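S.K.: Here's my sequence, what's the structure:
(one chain, ligands or ions: 1)
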Amino acid sequence: MATEKRKKKVTSETKETIFNCTFCEQPKSLTEMVVLTTFFPPIVACQDCEKNLF
Ligand SMILES: [Zn+2]
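M.R.: Numbers count the residues shown, from 1 in each chain. This next block holds a predicted model:
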């Protein structure tokens with residue numbers, strides 16, 4: 001049985017734009033994110049996941 005809990009936090013403290021990576025679901029700043037336009041619709045992923053994909 002899956003007991004995974006998913007909470008969505010609203011981080012209003014940070015001034016940076018935060019994205020959640022589509023793959024690892026880690027919140028990252030915009031500067032760490034890569035938009036994979038090879039997908040449609042484009043997928044937002046962090047640089048780490050992008051490395052793993054290609
Ligand atoms: Zn990621």
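
S.K.: Identify the residues contacting the residue most central in space within the chain.
M.R.: For the chain, the residue nearest the mean C-alpha position is Cys21 (1.2 Å; Cα atoms, centre = their mean). Shown in contact with Cys21 (Cβ atoms under 8 Å, 6 or more residues apart in numbering): 27-28, 33, 44-46, 49. Where you see a C-beta, it was placed from the backbone N, CA and C, and this is true even at glycine.

S.K.: Please apply the same query to Pro42.
M.R.: Going by Cβ under 8 Å, 6+ apart, Pro42 touches 35-36.

S.K.: and the gap between it and Glu4?
M.R.: With the distance defined as Cβ to Cβ, to the nearest Å, Pro42 ends up 27 Å from Glu4.

S.K.: what's around the closest residue to Ser29 other than its chain neighbours, how many residues?
M.R.: Closest residue to Ser29 apart from its sequence neighbours, by Cβ to Cβ, 6 or more residues apart in numbering: Glu16 at 4.5 Å. Glu16 has 12 neighbours, counted by other Cβ atoms under 10 Å.

S.K.: distance of Glu16 from the ion?
M.R.: Distance of Glu16 to the ion, given as Cβ to the ion, to the nearest Å: 16 Å.

S.K.: now that residue, what's its secondary structure?
M.R.: Three-state assignment for Glu16 (DSSP: H, G, I helix; E, B strand; the rest coil): coil.

S.K.: Brilliant, that's me finished.
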